[in-house]
Structure formats: structure tokens, C-alpha cells
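Student: Would you be able to build a 3D model of this:
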Amino acid sequence: QLQLVESGGGLVQPGGSLRLSCAASGFAFDDYTIGWFRQAPGKEREGVSCVGSSGGITNYADSVKGRFTISRDNTKTTVYLQMNSLKPEDTAVYYCTAVRLRLCVLWADEYDYWGQGTQVTVSS
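Tutor: Numbering: from 1, shown residues only. All right, here's what the predicted structure looks like:
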């Protein structure tokens with residue numbers, strides 16, 4: 001059974017950093033593009049970043065470029081999202097997603113599998 005389990009969320013002050021992890025199991029991880037999306041209260045789900053199956057292709061939302069870095073370790077079937085210079089507007093539930101043999105895009109409809117999410121709160 002395919003599973004995506006996010007971790008690493010929490011409360012951080014503005015300007016701080018967090019690293020989210022997405023641990024995958026139950027599928028051929030090397031074949032899948034992995035994405036991170038987020039949803040703040042009262043707002044639509046927003047694509048944050050994605051990484052292609054080999055890790056060579058990445059994509060970022062304009063709002064996080066230069067601050068967030070996505071990476072993957074296929075030997076550990078885990079994807080990471082390093083978030084630096086966090087802002088209050090980054091506060092949201094962050095979701096890990098997966099789709100097989102597709103391009104790295106930030107459209108939620110392209111993804112087939114979703115984790116349960118991890119809360120990130122940026123506040124002083």
C-alpha cells in the first residue's frame with residue numbers, strides 16, 4: 001500500500017528554518033515525481049515545489065524561490081523540503097504528493113497520492 005508520511009513541521013519564528021521530510025513506502029519510489037503543496041486556512045491549496053524521479057529536475061513557486069530547497073534520497077525513499085527565511089505567510093499545512101512518470105509541475109490535479117500533512121506555523 002502506497003504511503004506518504006510527512007514530518008518536521010512545527011512552530012518557528014519569522015526568519016527561522018525548518019526541514020520537512022516525506023517518507024514514502026509501498027511503491028517504486030524511483031519512478032515517481034514528488035511534490036509539496038500547502039494550504040492555509042481559508043485559502044486554496046498551493047503548489048510549493050516538486051522534484052523529478054531522478055532528482056535532476058526541480059520546480060518552485062515564485063513565492064518560495066531562493067528560500068526553499070527540495071531534494072530527494074532515493075536510497076531512503078525520502079524527499080526533503082528545506083525551508084529558510086520563513087515568513088508568516090508560509091504558515092500552512094504542508095502536504096507531500098506523488099505521481100508516477102509525470103513531469104514536475106505544481107498543479108494539484110496532476111498528483112495521484114497525498115500524505116496527511118504537517119502543520120507549519122511561522123509566528124513570533
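Student: Quick check: S49 touching D62?
Tutor: No - counting by Cβ atoms under 8 Å, S49 does not reach D62; the two are 11.3 Å apart. Glycine gets a C-beta too; all of them are placed from N, C-alpha and C.
Student: Compare these two (neighbour count), which wins?
Tutor: S49 (24 against 6; other Cβ atoms under 10 Å).
Student: Is that one bridged to anything, and to what?
Tutor: W36, Y60 (DSSP bridges).
Student: For E6, see how far away the most centrally placed residue in the chain is.
Tutor: Nearest to the geometric centre of the chain sits W36, at 2.4 Å (Cα atoms, centre = their mean). Taking Cβ to Cβ, to the nearest Å as the measure, W36 falls 9 Å from E6.
Student: thinking again about what came up before, show me the contacts for the residue nearest to the centre of the chain.
Tutor: Contact analysis of W36 by Cβ atoms under 8 Å, 6 or more residues apart in numbering lists 20, 22, 47-50, 70, 79, 81, 94-97.
Student: On the pLDDT front, check it for me.
Tutor: For W36, the pLDDT comes out at 98.
Student: thinking again about what came up before, next, format the contacts of W36 as a markdown table and append distance to A28.
Tutor: What follows is the contacts of W36, written out as a markdown table (distance: Cβ to Cβ, whole Å):
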| residue | distance to A28 |
| --- | --- |
| L20 | 23 |
| C22 | 16 |
| G47 | 23 |
| V48 | 24 |
| S49 | 22 |
| C50 | 18 |
| I70 | 20 |
| V79 | 15 |
| L81 | 22 |
| Y94 | 24 |
| Y95 | 21 |
| C96 | 16 |
| T97 | 16 |
